[in-house]
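Chemist: just coords:
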């Protein structure tokens, strides 16, 4: 059973399984559909006068928005979670849609998935916070929206620790594998960004407060949530900047490495090749090469070559190539 | 015969070949010109009071737009299809123009090409969905526009699988051939973007709903199509990001490959060159080189060189160059 | 004589050389100054009440704009042509200014150059299209502006074929010469862009139609020209994208080429250096090197080295380096 | 004790420890909470009618903003300081939040930290500048905001000298260590930017001046502060540009260094390898090599090789490789 | 003496040294402070009712702006000059501030520097152009602003010739020195841009013309200056593009040079190394090497090697490596 209703009465909170009764009941009603089927959504929609197109929005992957209807306010939001992905460090962002419908004395939340943020507020109502519904459906909606927005802080925290893990790996990296992780993180932050921007706009509409069904006293709470979303948007930008920085260091450490390799080759070749030439000279078979007969010529040549090599090593050390 | 008219009557749908009769008929009329010649467009234009400049827009490659005229609403849209291109994986985007004209009780669709999306709705009217025209020309127009917009999802799906094909090829790539594919994909997404942006604006105008000939009840359907276009725009951006990521990995894998090549050269040269120097030393022809006469000098030298080579191999392995 | 006037009368078009007569004449007058001197501009300006600052704008290199004055409308536009430049493939963009002044029953076009687009419309009036002036000065102005805008399509076509020429050269390029061409093309497109953007804005003002001296019936023609300019702006962006793509391939083909060169060096050195070491070994002069005396040692060594070389060639071929 | 109040009376400034008395007192009151606990903030909030959500903003890391309430104006600002970071040259930016509340005849400043800028103005009031509070709470608020904004100039000055330190190190740099510093500086400037932008917007709201509790006479002072913030924003952009420039030179100096290394290798190898070939020729053991017996062949060969080497050195010097 | 006043009377221009007399005089007064001290500014400010904050703006480095006050209009502008900088080709941009104050019948110009543009207009008034002040203080202000704006054309001209100088050096450049010049030029253009943008906005405000103290007849002159500033802004963008282009060619010519170096090394090594191997073969000391005894073996080997070298040279030439 995924359709549940709470009705707040002066004397306490009732639970109703029958939609019609719940709607008709005196006091604020909150009807929740969690992990709902199309049929369940439709049943609730019919009871509360929610249009088919709104239900379709809840079922599909539509961007967050606020729409004012004659008899209710429709707030569509998304939650984000991270799922194991293909890469070593980064996860994939997965979003789910929740519809929040605010009527004059009723609140409906619909989703085709289980949304933990909604569940938390539901449980709070069930257990103790009776005043929550007493302050009207717009205040309860604020609580739900706040919980959803807070969920993004967790997601960004997790992404931040992924970034740190990648940053640590970069130092000794010798392949292109991390580029996949970095790209995945970039994509994650882009996904989150793509949800946060319209969320910010939608909540901005709620905070500006010229909507029906949102009490003036509640507006300042929406302004508060709005500030949180703005902060999330900025956090997201900061992390994008971190990822870009990591990427730069990573790619340049590759070309740095080529530079190191080249230095090694150059040092070895520059020292050894001339000496090989020298020994080649005394390997020639000319009949008249007077040096060959000198008593300590061999030792002199060996010493000379040792000297040349030593000077070169000193030179390269001074140049910082060794 | 490419000019056809449907007239919805309470008792059923009539088909008329004569334009004047169709227009005069009681009930909603839908006149369609598919794959039409300039003359056919003009004939229809004259009957329904469509200006020459509007017809010219339909014939030419003009960007999507909505224009409100005194006696009708003019919606110009484009469909996109993919065509085999020059590159291995990517196709070329081909767009075609459709004009949708909505009058008080008539609907006209004009195109100089055959537009499958329009044909689908036409067939739906012909066969069974009689109520489609009963809800007025603005609702039928919505159905057509919806079908056109949905067509873009197919195009983007195909582009996505092209991107995946390219991404798989990147791993073992050793040439610049894929850059053509990647550029083609980038260009495709740019083309689609260039159509989607004004389409979004145009449908946004329809969804905002202060236009004549669009019923207030139909507006929410247009808002729905609007959400789809926004989604397409975002999908497009996501794919552009994927292509950029693929391009980065591709180009860096080239410089990675240079790095690998350099490492090989450096390892070989660094091991072999010093040894060549050593054998050169004992190839010198000095008369007094005492080592030459030692009984196991040759074997000692060979062993020594083997030792040096071994140490070097170990060193390079530790450095990750082997 | 560069100042000419046409006066449309019900019975035909008169030509007047005297400005005052032309202006006083009944019917729509079009006075054209082509390739005009400062004095000629001033004479016309005085007759029609055009301010010195407007004339200065026509003489100088000012960006396209529309200005509404009390007794006339001032439209400043630019035409673009391509001129031989310093680079092999690309040309240079050259712009010229035209002032179009629309009064209640007169039209004045001023330029210090010969503007072919204006000449075309002039000739059309002279020869046959008498109705052109009959529809009022705003319609004639539309025809001129349309001709000017169409001229940009030719310019962009030519730039496109330059881009194609450059793209073909890129494949076998081994120097940085093409970078000049690519930069020139980029600069050309930037120049065109810099003219098209304010042109779009100016014509947008005309198309929005709350100006004096522009008849409501003519506005839809201006909207049509506006669509063309928007198309030009987009074409321009597309070509900029093509040029950027070409540039990327070009620059990366250079680093690709370095990669190829390195591979060649590495393959040769990796095969030959070890073999040179081997022959060096048997060139040593140790007294006790038993192999030297073996009957087929030489042939064995040669065969062995051939084998090593063969194995290496196979390895490199498998790695894709050969 | 972190809660303090000043009350300006015609005859002097009183200090009150009791909030209620301070508020009730005739004359302008300034109550300051510095380094305050949640409880202290709440006590002050209750006395002056400041909402819990505003207090929460002061406690948390919310972006600068101005909010007009019915009975007071809420200005939230941030100060920035630099703290030792992980990198050699760059420091980390640390921001702290201050809430400035302007009522009809009272001023409240709240912070959970000690804010030197607020302290400076407080001391000025205490000691001598009695007229400061006499001009009303909005003028005192201006002084505080001005002091806060001025603090950013110090931060940017310090960042500038960090940039200069990094720029000097770049010249002889041979590792990627500086990239960390450069990235840290980039991040610092980004952090400052992220605070300055909303600060600019907030102060812009104050300067535009259609707010309650801000006297028209004070507005021009706010416009002055606004100009300072705009200047800070531009300074910040300039420094970002400097950092980007430093980064470009740094990264290119790495690839420059690879180029230098390659030149050295090429020069050495190109000179020595051919000579080694020559001496190899005369080391061959053919029985009939007439040159070997020529009396001065050895000297001739040596001289010839010296000549070749000399020519090559000259060539490389002319090419700028030496 | 840096404070001077002109008073225009029907019968001529008077010069007054006393501020109060100058202000009180019938006719338009222009009081100029050039290279003024704080005291002088204050004296003038007091006489004409200019606020201290405005004077502070004149003294400091504030961005150009227009502010409408009750009794006068305040226009703050900046002039730019170029000063010798640290780099070889580029100069540094130095800006100076001028305050132009337009009252009902007076004009005040204040600066703490000598501003040549203001001096030019001053001299024009002194010598001959009496009508200049006769047209009112707003027209004289236009002349000054026009002179200031024209000064930027000189600055941009100079920067353009610097760019050309750098472009010529790029061709044969072999170090990173030019990068400093290019960065300096980029920074110069950025500085100019940073002044031009707010100047454009400020003059745009003057040109839009709903300000007090600016006559409707003068507005078209301000529109003219506005067009000039827009042109300057675009010129600036064009030069930025040139600098970016130069920078691209410069940096790529470095990597091009690495490519050239690598080609040289590869060609030499690929030709010489195999030949060295061949001569090594015949330097082996095997007892049974039949070729060694063949009569013309030596010559055959030499010829063979010459042939191989020749073939290789041809191959490399065909590949474009030589």
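Modeler: The structure has been received and is ready for your questions. These numbers come from a predicted model, not from an experiment. Numbers count the residues shown, from 1 in each chain, chains lettered A, B, ... in the order given.

Chemist: which residues are in contact with the residue in chain A positioned nearest to chain E?
Modeler: Residue of chain A nearest chain E, by CB to the nearest CB: residue A:283 (7.0 Å). For glycine as for every other residue, the C-beta is placed from the backbone atoms N, C-alpha and C. Applying CB atoms under 8 Å, 6 or more residues apart in numbering or on different chains to residue A:283 gives the contacts B:280, B:283-285, C:283, D:279, D:283, E:283.

Chemist: now it: phi and psi?
Modeler: phi -100, psi 0 (degrees, to the nearest 10).

Chemist: for residue A:291, same thing?
Modeler: For residue A:291, the backbone dihedrals (degrees, to the nearest 10) come out as phi -60, psi -30.

Chemist: tell me the first helix or strand C-terminal of the strand or helix carrying residue A:53.
Modeler: Residue A:53 belongs to helix A:52-59 when assigned by DSSP states H and E. Of the helices and strands lying after helix A:52-59 in sequence (DSSP H and E), the nearest is strand A:65-68.

Chemist: strand partners (parallel or antiparallel) of that following strand?
Modeler: The pairing partners recorded for strand A:65-68 under DSSP bridges are strand A:73-84 (antiparallel).

Chemist: for the stretch 151-300 of chain A, which segments are assigned as helices?
Modeler: In the stretch 151-300 of chain A, the segments counted as helices under DSSP state H, counting those that start in this stretch are A:177-208, A:216-281, A:297-318.

Chemist: wait, which of those helices is closest to chain C?
Modeler: Of those, nearest to chain C by CB to the nearest CB is helix A:216-281, at 9.0 Å.

Chemist: angle of the closest one against helix D:52-59?
Modeler: Interaxial angle of helix A:216-281 relative to helix D:52-59 (axes from the mean of the first three to the mean of the last three CA atoms, to 10 degrees): 20 degrees.

Chemist: related to what we said a few turns ago, the helix holding residue A:53 - contacts with which helices or strands?
Modeler: Under the contact criterion of 3 or more CB pairs under 8 Å, 6 or more residues apart in numbering or on different chains; DSSP states H and E, helix A:52-59 touches helix A:38-48, strand A:73-84, strand A:91-102, helix B:216-281.

Chemist: quick one: strands adjacent to the third one?
Modeler: Right, strand A:91-102. strand A:73-84 (antiparallel), strand A:106-110 (antiparallel).

Chemist: tabulate the helices and strands packed on helix A:52-59 (CSV), appending mean neighbour count.
Modeler: Formatted as CSV, the helices and strands packed on helix A:52-59 follow (neighbours: other CB atoms under 10 Å in any protein chain shown):
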stretch, mean neighbour count
helix A:38-48, 17
strand A:73-84, 19
strand A:91-102, 21
helix B:216-281, 20
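
Chemist: mind checking how far the residue lying closest to residue A:35 once chain neighbours are set aside is from chain C?
Modeler: Leaving aside its sequence neighbours, residue A:35 sits nearest to residue A:114 (CB to CB, 6 or more residues apart in numbering or on different chains; 4.7 Å). In this structure, residue A:114 and chain C are 45 Å apart, going by CB to the nearest CB, to the nearest Å.

Chemist: ok, then the element right after the helix-or-strand element of chain A with minimal mean pLDDT?
Modeler: None of the helices or strands of chain A scores lower by mean pLDDT, DSSP states H and E than strand A:12-16, at a mean of 66. Using DSSP H and E, the helix or strand that directly follows strand A:12-16 along the chain is helix A:19-24.

Chemist: what are the buried residues along that following helix?
Modeler: Applying a neighbour-count criterion of 16 or more other CB atoms under 10 Å in any protein chain shown, one finds A:19, A:22-23 buried in helix A:19-24.

Chemist: residue A:197 contacts residue A:233, doesn't it?
Modeler: Yes: with contact defined as CB atoms under 8 Å, residue A:197 and residue A:233 form a contacting pair (6.9 Å).

Chemist: how about the residues of the stretch 101-250 of chain A near chain B?
Modeler: A:174-176, A:179-180, A:183, A:186-187, A:190, A:194 (CB under 8 Å from any CB of the partner chain).

Chemist: buried among these? Make that a PyMOL selection.
Modeler: To isolate the buried ones among these in PyMOL, judged by 16+ other CB under 10 Å, type:
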select buried, chain A and resi 176+179+180+183+186+187+194
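
Chemist: and of the residues of the stretch 101-250 of chain A next to chain B, the nearest to residue C:217?
Modeler: Proximity of these to residue C:217 (CB to CB) peaks at residue A:194, which lies at 45.9 Å.

Chemist: my guess is the closest one meets residue B:236, correct?
Modeler: No: Residue A:194 sits out of contact with residue B:236 when judged by CB under 8 Å, with a separation of 11.9 Å.
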